[in-house]
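[1] The sequence and its predicted three-dimensional model are supplied below.
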2 protein chains.
Amino acid sequence: MSASLPIAVAGLGTVGAGLLRLLREQADVLSRRSGRRIELVAVSARNRHVDRGVDLSGVAWFDDPVAMARTATAEVVVELIGGADGPARAVVEAAIDARRHVVTANKAMLAVHGTALARAAEAAGTALHFEAAVAGGIPIVKALREGLAGNRISRLYGILNGTCNYILTTMRESGRPFSDILAEAQKMGYAEADPRMDIDGIDTAQKLALLASLAFGAEVDAGGVHTEGIRAITPLDIAYADELGYRIKLLGSVRQTERGLEQRVHPCMIAADAAIAHVDGVFNAVVASGDFVDDTMYEGRGAGAGPTASAVIADIIDIARGRRTPTFGIPSDQLVRLPRAPMEHHIGACYVRLMVRDRPGVLADVAAAFRDEAVSIEALLQRARSPHEAVPVVLTTHECEEGAMQRALARIGALGTVVEPPMMIRIEPL
Amino acid sequence: MSASLPIAVAGLGTVGAGLLRLLREQADVLSRRSGRRIELVAVSARNRHVDRGVDLSGVAWFDDPVAMARTATAEVVVELIGGADGPARAVVEAAIDARRHVVTANKAMLAVHGTALARAAEAAGTALHFEAAVAGGIPIVKALREGLAGNRISRLYGILNGTCNYILTTMRESGRPFSDILAEAQKMGYAEADPRMDIDGIDTAQKLALLASLAFGAEVDAGGVHTEGIRAITPLDIAYADELGYRIKLLGSVRQTERGLEQRVHPCMIAADAAIAHVDGVFNAVVASGDFVDDTMYEGRGAGAGPTASAVIADIIDIARGRRTPTFGIPSDQLVRLPRAPMEHHIGACYVRLMVRDRPGVLADVAAAFRDEAVSIEALLQRARSPHEAVPVVLTTHECEEGAMQRALARIGALGTVVEPPMMIRIEPL
């Protein structure tokens, strides 16, 4: 066996502790699969005096992770601090500068600085890998970068945030409202105290932008992702989805259109018999369609210490074996800057729920607004009758332009008989 | 860009022609992703005068694929001839002998000679890769060999034969018998004229043995796979499965038990709400469970020119990039020879269907046979009544030893009131 591969780990939170446990418990497996002994030589975290359940004697401790990245005897620096800038970015830049390989789980950083960091790593001749940044333990980065490398990817979509999927699954199973389930998820540790990154779709958008870069050979453009979250979804919408043969999922999806790259994150109505409709709870899944391979799907746990550590170590083993690949699959100077396909030109069918006063003429006004924007109604349901309170009117449309739909909804929302902002969920053909 | 990578292709059937089409249509993608131009320098097939839709001028033609493997100027020889021995094996051995890398889609050959060929390739310092040999376009070999490399795999199972899955899916959808659907599948090209490799489970067993080797770091032992096919499945069994909340799938599954490696291929009753129960038609899927990553699932097309070519080219790109990995994930001299867990000690619940003469005492005799073997009945259904013809009795058992089940079934099959050999399908907890 060759010499050992010395590594340094910055950040010893849940994932960092999981990685240390994996390094200890699987030492024999890792040596066989990587051909080298993977040796933890240095760690850095905020608090030295936390019991992480792993013996760190013989491992150099650094209070300053940047100093560790610069000076430790490591060939690989693992960045598990998190955050787009600050110490995480400083650690990665210092490691590249010192010509050490970098493995990171940091989607927020790569979503903003991914292209620049890939270029820096390439210039320095070091690896920069990020399997753990997207979809936890699912080896989707490797699948896109290597397994499907002979394909032009036509489309990719996925459930990339376990918190949102858990909330939507539990709302459907229990019939209870979003806020209750969110509070419960926070208690159980499935949602952060500040849940905005998850429930507003930002985390999904960051991951999607990384997958899009891999799939389309493009610079990372997280700012170009049209992003909506799941706060507005009600039990009523979930019940109507069931009735109409759909499930509601927060999907990130990307495809190349004539106008450019269309990156979208928003709740979708998807056919209840689609494979990804059955991906429930905290699980993630990604569907990638290539011109030769057709549809492929990858499913697994999207977060957690074990699955994330599994992804981090896969990157480390690649480095140990000398398996080198550009960060985004192709040399970073060949990554193209694709134009953003404007969302207003997106074409798709929609589900719309209106809360209306049950008076004659309401539906005529609604129908007129859609007609004037050339939006064609496919079906309309008005079951409840009540002279005194608002009742739901639900309709589905044929395919229409997003801009037309938004103009129609603005006009409908302004009607005196429509008492809440209209709820619109796009119907996604899979 | 570095120098081009010259390749030679032996066998220009469906997959070979698909590969040639891919090489032509994706030349730009391949160059970006592999860092080298992949250049077809030689081909060999039985008939030079077939129009394969691809211009082969400028490509050396060999009538003898072994001569091509020995003498062509290729760095990589792609073996797409098929068959465990004969020219396919001779080509691979000649290529290794001439220190050329080998990419093959040949599961039959690797199932028999995989360990020996891996050792030969390693000794010669060449790569021997086989992504296309298992589950078509799904990059499952790479996922196991690299993506999940930090895990001990506890269990792996999958739908690995599209023909069987198509037949079982269509039987369920149409209610029609096996023989009808097989004949139809043969007409549509979904089943071979000689369907035995597929429907008797042999093809699944070969693929399972390769995945088992990757997952458990073991020598390939296709002979150790307990193998049953799907011929005996009737529409009645499929209807009962539906009623009991199951689907019938031909699964290959492997796990390590205290007694050794348990490799099994047989029809299974699986819960209708399991993710893999929704994998229908010609699609394949594999579930791999690791100690850190937990369950991961991979789904896609298991055969066909496009998906298989996609897998072949992924291996070629790995070679072009210099990404080197031992054939079965670890050096072949470290592959262990695991004992075979005897099937008679397999523990599991079962579905049993008997066709009986509807006379008093039949059930008492059946129940006594199970009791004497300590097999505990979970549920029993006898709906139809008919004094003149055989009626089905269906029962499910609690977990029991396979040996006890077989002894009970032998005794039951010998009862004068039981008019057909008992049908037993194992209930697989997923």
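    Looks like it came in fine.
[2] Output stretch A:281-299 as CSV, nothing but the C-alphas.
    Output of stretch A:281-299 as CSV, limited to C-alpha atoms (Å, rounded to 0.1, in the frame of the first residue of the first chain):
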residue,chain,number,x,y,z
GLY,A,281,-40.5,12.3,4.3
VAL,A,282,-36.8,13.4,4.6
PHE,A,283,-35.8,11.5,1.5
ASN,A,284,-34.3,13.3,-1.5
ALA,A,285,-34.4,12.1,-5.2
VAL,A,286,-33.0,13.4,-8.5
VAL,A,287,-34.2,12.5,-12.0
ALA,A,288,-31.7,13.2,-14.8
SER,A,289,-32.6,12.6,-18.4
GLY,A,290,-29.9,12.1,-21.0
ASP,A,291,-30.2,11.7,-24.7
PHE,A,292,-28.8,8.2,-24.7
VAL,A,293,-29.6,7.0,-21.2
ASP,A,294,-33.1,8.4,-21.1
ASP,A,295,-34.5,8.9,-17.5
THR,A,296,-32.5,7.8,-14.5
MET,A,297,-33.5,8.4,-10.9
TYR,A,298,-31.4,8.5,-7.7
GLU,A,299,-33.0,8.4,-4.3
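[3] Get me the contact residues on the stretch 151-300 of chain A for chain B.
    A:151-152, A:217, A:273, A:275, A:278-279, A:290-300 (CB under 8 Å from any CB of the partner chain). To be clear about C-beta, it is placed using only N, CA and C from the backbone, and glycine gets the same treatment.
[4] filter those to the buried ones?
    Buried members of those, counted by 16 or more other CB atoms under 10 Å in any protein chain shown: A:151-152, A:217, A:275, A:278-279, A:290-300.
[5] Just to check, residue A:283 is in contact with residue A:303?
    No - in this structure, residue A:283 is not within contact of residue A:303 by CB atoms under 8 Å, at 9.9 Å.
[6] Those two: which is more packed in?
    More crowded of residue A:283 and residue A:303, by other CB atoms under 10 Å in any protein chain shown: residue A:283, with 25 against 22.
[7] what's the closest non-adjacent residue to the residue in the stretch 301-430 of chain A that chain B sits nearest to?
    Residue nearest to chain B within the stretch 301-430 of chain A: residue A:313 (3.4 Å; CB to the nearest CB). Spatial nearest neighbour of residue A:313, chain neighbours left out: residue B:150 (3.4 Å); criterion: CB to CB, 6 or more residues apart in numbering or on different chains.
[8] ok, that neighbour - how many residues close by?
    Quick note: residue B:150 (other CB under 10 Å) scores 31 neighbours.
[9] three-state assignment of it?
    Following DSSP: H, G, I helix; E, B strand; the rest coil, residue B:150 is assigned to coil.
[10] where does it land on pLDDT?
    At residue B:150, the pLDDT value in this model is 98.
[11] what's around the residue of the stretch 301-430 of chain A closest to chain B, how many residues?
    Burial measure for residue A:313: 32 neighbouring residues, criterion other CB under 10 Å.
[12] Residue A:25 too?
    Applying other CB under 10 Å, I find that residue A:25 has 15 neighbouring residues.
[13] residue ranges with poor pLDDT in chain A?
    Along chain A, the parts satisfying pLDDT under 70 run over A:1-2.
[14] domains of it?
    With domains defined by automatic domain parsing, chain A comprises A:5-133, A:150-301, A:346-427.
[15] Helices of chain A, residue ranges please.
    When assigned using DSSP state H, the helices of chain A occupy the ranges A:14-25, A:27-34, A:65-71, A:86-97, A:107-124, A:140-142, A:162-174, A:178-188, A:196-199, A:202-216, A:235-244, A:305-320, A:362-372, A:402-413.
[16] Figure out which of those helices is closest to residue A:229.
    With CB to CB as the criterion, residue A:229 lies closest to helix A:196-199 of the helices of chain A, at 5.0 Å.
[17] any idea how far the closest one is from the chain center?
    11 Å (CA atoms, centre = their mean, to the nearest Å).
[18] Stretch A:229-236 now?
    19 Å.
[19] who touches that stretch?
    Stretch A:229-236 is contacted by residues A:164, A:167-168, A:171, A:175-178, A:199-202, A:248, A:250, A:267, A:353, A:392, A:423, A:425 when judged by CB atoms under 8 Å, 6 or more residues apart in numbering or on different chains.
[20] okay, stretch A:49-60 in CSV with CA atoms only?
    C-alpha atoms of stretch A:49-60 as CSV (Å, rounded to 0.1, in the frame of the first residue of the first chain):
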residue,chain,number,x,y,z
HIS,A,49,-13.9,21.1,24.9
VAL,A,50,-17.0,19.4,23.5
ASP,A,51,-17.1,15.6,23.8
ARG,A,52,-17.5,14.4,20.2
GLY,A,53,-17.3,10.8,21.1
VAL,A,54,-14.0,10.4,19.2
ASP,A,55,-10.5,10.2,20.6
LEU,A,56,-8.5,13.2,19.1
SER,A,57,-5.3,12.6,20.9
GLY,A,58,-2.4,12.6,18.4
VAL,A,59,-4.5,14.9,16.1
ALA,A,60,-3.3,18.5,15.9
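[21] what does that stretch rub up against?
    Residues contacting stretch A:49-60 (CB under 8 Å, 6+ apart): A:8, A:12, A:16-17, A:20-21, A:24, A:40-43, A:68, A:72.
[22] Flag every buried residue along it.
    A:52, A:54, A:59-60.
[23] these two touch, right, the residue of the stretch 301-430 of chain A closest to chain B and residue B:148?
    No - counting by CB under 8 Å, residue A:313 sits too far from residue B:148 to count as a contact (9.6 Å).
[24] Tell me the span between the first and last residue of stretch A:370-387.
    25 Å (CA to CA, to the nearest Å).
[25] buried sites along that stretch?
    Those would be A:370, A:373, A:375, for stretch A:370-387 by 16+ other CB under 10 Å.
[26] how about these in a markdown table, adding distance to chain B?
    Converted to a markdown table, the buried residues of stretch A:370-387 look like this (distance: CB to the nearest CB, whole Å):
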| residue | distance to chain B |
| --- | --- |
| A:370 | 35 |
| A:373 | 38 |
| A:375 | 33 |
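[27] Tally up the residues packed near residue A:361, please.
    Around residue A:361 there are 9 residues (other CB under 10 Å).
[28] and it, what does it touch?
    Taking CB under 8 Å, 6+ apart, one finds residue A:417 in contact with residue A:361.
[29] re earlier: quick one: which of the buried ones among the residues of the stretch 151-300 of chain A next to chain B sit in strands?
    Of those, the ones assigned to strands by DSSP state E are A:290, A:294-300.
[30] Show me the two of the residues you listed that sit farthest apart.
    Between any two of those (CB to CB), the greatest distance is 20.8 Å, for A:294 and A:300.
[31] so how many other residues sit close to residue A:356?
    With other CB under 10 Å as criterion, residue A:356 counts 21.
[32] scratch that, residue A:259
    Neighbour number of residue A:259 under other CB under 10 Å is 12.
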